[in-house]
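Participant: Just to be clear, the model below is a prediction. Sequence and coordinates:
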Number of protein chains: 4
Amino acid sequence: MDESQDLAARINDWSEHSRFNAWLGLEAGVATPGDITLHLRWREEFGQYRGFLHAGIIAALIDNACGYAAASIVGSVLTSQFAVRCLRPAVAEVFVVHARVVKPGRQQIFTAAELTGLDMDPSKPFAVGDAMLVPVAAVPSGE
Amino acid sequence: MDESQDLAARINDWSEHSRFNAWLGLEAGVATPGDITLHLRWREEFGQYRGFLHAGIIAALIDNACGYAAASIVGSVLTSQFAVRCLRPAVAEVFVVHARVVKPGRQQIFTAAELTGLDMDPSKPFAVGDAMLVPVAAVPSGE
Amino acid sequence: MDESQDLAARINDWSEHSRFNAWLGLEAGVATPGDITLHLRWREEFGQYRGFLHAGIIAALIDNACGYAAASIVGSVLTSQFAVRCLRPAVAEVFVVHARVVKPGRQQIFTAAELTGLDMDPSKPFAVGDAMLVPVAAVPSGE
Amino acid sequence: MDESQDLAARINDWSEHSRFNAWLGLEAGVATPGDITLHLRWREEFGQYRGFLHAGIIAALIDNACGYAAASIVGSVLTSQFAVRCLRPAVAEVFVVHARVVKPGRQQIFTAAELTGLDMDPSKPFAVGDAMLVPVAAVPSGE
């Protein structure tokens, strides 16, 4: 098993330990430390009122991918803040979210991600976003 | 049925027409045009790996509440961008998200929201966020 | 000299030690730990192409006010990320930016601010924003 | 004069018509429609209290570059919202901010930018940011 497969396997394991991610059915794609991909197969219960992918699911995908990209470098993290820009109605059979670490740090990890559809034009993402995460080890108890 | 109950009923109807919101089980609380509240009863499938409310669900709550606050004034909207700040681990039996319109406009509606727990100290929200929405009528076809 | 005047005097001292803030001519208004106000008298060189207050100056006011609100509690800080929503064209003789700490922390301080004009309707701010800051003591050397 | 020089000349003209940008001394670099670069030569009055480039100036550079990138495609714009992530202390003799249009639209233009130093490692920007702009023609009078 090469390094990418090993990391992908760990990411799938992380997803199984988050009840919401297990419900989503996230699957790791190509993954190297600091640069990871997740796939999500469309289900009708992911829809908003017009049948597009719900912005909350978009946010969950971006938050998860950014968190996993950070965790692949620094271990357990918590999301501190994130932002999502919805560029186009999100419709696909399989969604692909790709995240990368923009700047790792001991206190804060800056990440960015974009959401596209499998085999779709990567230059026209449905949404883009960014997240800041803090290593759990850096969070004092009680904070 | 007074005006607030009428709007709350319409919000519950909107939630039923979004498959993801129906899965969440959102329930409208106090609601006046431009200022609305949603309740979400905790279920284990909303959790992240440590058992706190998943940041994706936090985002979905903030996005939905902001969207409904905007829609209560201008009709159908789509989320354009939103941001979430996660201030504290989110643990409660019933979560309460309160959103208000900060600035309505013909092209863009600015909104803000905070997430707390029922009967918890409102000055210590779990998360705060903001969203910009566009009226659907303002979105040219094909954009 | 009461506590508020004392903090205001310290804020004015901070502004004099930042070359850009000295150029702006920031003046502290009412200030208590974690909740501070700055005033800026309009000058033509603050304008954008239509003569409104430049979004860059708006950002500088929000960033400064948020930074001072954080510093009034935890000492020296650096801005980590901030966001600005421009709600209305900003035109006033004296601008007032009010910032407060939303959540202090050992690693990150969450703050929020709004920009209005002196003696103007406070419910119609020109802009609102938020900033995250890190205590300088928490920044490892070399990061 | 080729197309890039022509656009650069127009950008310099825009900067001269904004009093704040004229004070900054912005100079257009390489520019094609939707993808533009600005240069800013360091002056001491741009500094914060430790002598780094002030976050307000960073914001102004990102806002201006994003605005010019949008204007190069759709004409006059106003900034609607923007966000800045400060990754590293910003120290350079000449700062370079590069912005591109991520998604043009009739109602909203999504843009992104990064700030580096001339002849510095482009993979280690001082700051990154994003901005949403609205075409002035789309802003109803009185809004």
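Facilitator: Thanks, I have it.
Participant: Just to check, A:Gly67 is in contact with A:Val77?
Facilitator: Yes - using C-beta atoms under 8 Å, A:Gly67 is in contact with A:Val77, at 5.8 Å. All C-beta spots, glycine's among them, are computed from the backbone N, C-alpha and C.
Participant: higher neighbour count, those two?
Facilitator: Per other C-beta atoms under 10 Å in any protein chain shown, whichever of A:Gly67 and A:Val77 has more neighbours is A:Gly67, with 29 against 26.
Participant: Would you confirm that that one belongs to a helix?
Facilitator: Yes - judged by DSSP: H, G, I helix; E, B strand; the rest coil, A:Gly67 forms part of a helix.
Participant: ok, the residue nearest to the spatial centre of chain A to chain D distance?
Facilitator: Among the residues of chain A, the one closest to the centroid is A:Ala65, at 1.6 Å (C-alpha atoms, centre = their mean). Distance of A:Ala65 to chain D, given as C-beta to the nearest C-beta, to the nearest Å: 17 Å.
Participant: Same check on A:His54?
Facilitator: For A:His54 relative to chain D (C-beta to the nearest C-beta), the value is 20 Å.
Participant: quick one: contacts for that residue?
Facilitator: Going by C-beta atoms under 8 Å, 6 or more residues apart in numbering or on different chains, A:His54 touches A:Phe46, A:Gly47, A:Gln48, B:Ser18, B:Arg19, B:Phe20, B:Asn21, B:Ala60.
Participant: Repeat the analysis, applying 6 Å as the threshold.
Facilitator: Counting by C-beta atoms under 6 Å, 6 or more residues apart in numbering or on different chains, A:His54 makes contact with A:Phe46, A:Gln48, B:Phe20.
Participant: Also A:Arg85?
Facilitator: A:Val128, B:Gln81, D:Phe110.
Participant: Which residues lie in contact with the last one in this structure?
Facilitator: Shown here is D:Phe110, whose contacts under the criterion C-beta under 6 Å, 6+ apart are A:Arg85, D:Val102, D:Lys103, D:Met132.
Participant: can you put the residues you listed in JSON lines and add secondary structure and pLDDT?
Facilitator: Shown next, in JSON lines, are the contacts of D:Phe110 (DSSP: H, G, I helix; E, B strand; the rest coil; pLDDT from 0 to 100):
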{"residue": "A:Arg85", "secondary structure": "strand", "pLDDT": "98"}
{"residue": "D:Val102", "secondary structure": "strand", "pLDDT": "97"}
{"residue": "D:Lys103", "secondary structure": "strand", "pLDDT": "97"}
{"residue": "D:Met132", "secondary structure": "strand", "pLDDT": "98"}
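Participant: now, which of the residues you listed sits nearest chain B?
Facilitator: A:Arg85 (4.6 Å; C-beta to the nearest C-beta).
Participant: Relative to A:Asp35, how far out is that closest one?
Facilitator: 20 Å (C-beta to C-beta, to the nearest Å).
Participant: For chain A, which residues score under the pLDDT cut-off?
Facilitator: Along chain A, the model assigns pLDDT under 70 to residues A:1, A:138-143.
Participant: could you pull out the strands for chain A?
Facilitator: Applying DSSP state E to chain A gives strands spanning A:27-32, A:35-41, A:77-86, A:94-103, A:109-117, A:127-135.
Participant: could the ones you listed go into a markdown table alongside distance to A:Ala8?
Facilitator: Shown next, in a markdown table, are the strands of chain A (distance: least, C-beta to C-beta, whole Å):
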| stretch | distance to A:Ala8 |
| --- | --- |
| strand A:27-32 | 4 |
| strand A:35-41 | 8 |
| strand A:77-86 | 18 |
| strand A:94-103 | 13 |
| strand A:109-117 | 17 |
| strand A:127-135 | 20 |
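Participant: Count the residues that sit near A:His17.
Facilitator: 12.
Participant: Leaving out sequence neighbours, find the closest residue to it.
Facilitator: Spatial nearest neighbour of A:His17, chain neighbours left out: B:Tyr49 (4.8 Å); criterion: C-beta to C-beta, 6 or more residues apart in numbering or on different chains.
Participant: I figured that neighbour hits A:Glu16, correct?
Facilitator: No - using C-beta atoms under 6 Å, B:Tyr49 is not in contact with A:Glu16, being 9.5 Å away.
Participant: who has more neighbours, these two?
Facilitator: Taking neighbours as other C-beta under 10 Å, B:Tyr49 and A:Glu16 compare with B:Tyr49 leading, 18 against 12.
Participant: any idea how far the more buried one is from chain C?
Facilitator: For B:Tyr49, the distance to chain C (C-beta to the nearest C-beta) stands at 20 Å.
Participant: for that residue, phi and psi?
Facilitator: phi -70, psi -20 (degrees, to the nearest 10).
Participant: How about the one 5 residues further on?
Facilitator: Main-chain torsions, B:His54, degrees, to the nearest 10: phi -60, psi 140.
Participant: What residues does chain A have near chain D?
Facilitator: Within chain A, the positions adjacent to chain D are A:Arg85, A:Leu87, A:Lys103, A:Phe110 by C-beta under 6 Å from any C-beta of the partner chain.
Participant: export those to JSON lines and tack on distance to C:Asp6?
Facilitator: Converted to JSON lines, these look like this (distance: C-beta to C-beta, whole Å):
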{"residue": "A:Arg85", "distance to C:Asp6": "43"}
{"residue": "A:Leu87", "distance to C:Asp6": "49"}
{"residue": "A:Lys103", "distance to C:Asp6": "37"}
{"residue": "A:Phe110", "distance to C:Asp6": "37"}
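Participant: so which of the residues you listed comes closest to chain C?
Facilitator: Taking the residues of chain A next to chain D together and measuring to chain C by C-beta to the nearest C-beta, the closest member is A:Phe110, at 8.1 Å.
Participant: Tell me the bridge partners for the closest one.
Facilitator: With DSSP bridges as the criterion, A:Phe110 is bridged to A:Lys103, A:Met132.
Participant: show me what contacts the residue lying closest to A:Ala8 once chain neighbours are set aside?
Facilitator: Using C-beta to C-beta, 6+ apart and skipping the chain neighbours, the partner closest in space to A:Ala8 is A:Ala28 (3.9 Å). When contacts are counted by C-beta under 6 Å, 6+ apart, A:Ala28 touches A:Ala8, A:Ile11, A:Asn12.
Participant: quick one: which of those residues is most hemmed in?
Facilitator: A:Ile11 (25 neighbours).
Participant: I'd like the distance between the nearest residue to it once chain neighbours are set aside and A:Pro135.
Facilitator: Once flanking residues are discounted, A:Ile11 sits nearest to A:Ala28: 3.9 Å by C-beta to C-beta, 6+ apart. From A:Ala28 across to A:Pro135, the span is 21 Å (C-beta to C-beta).
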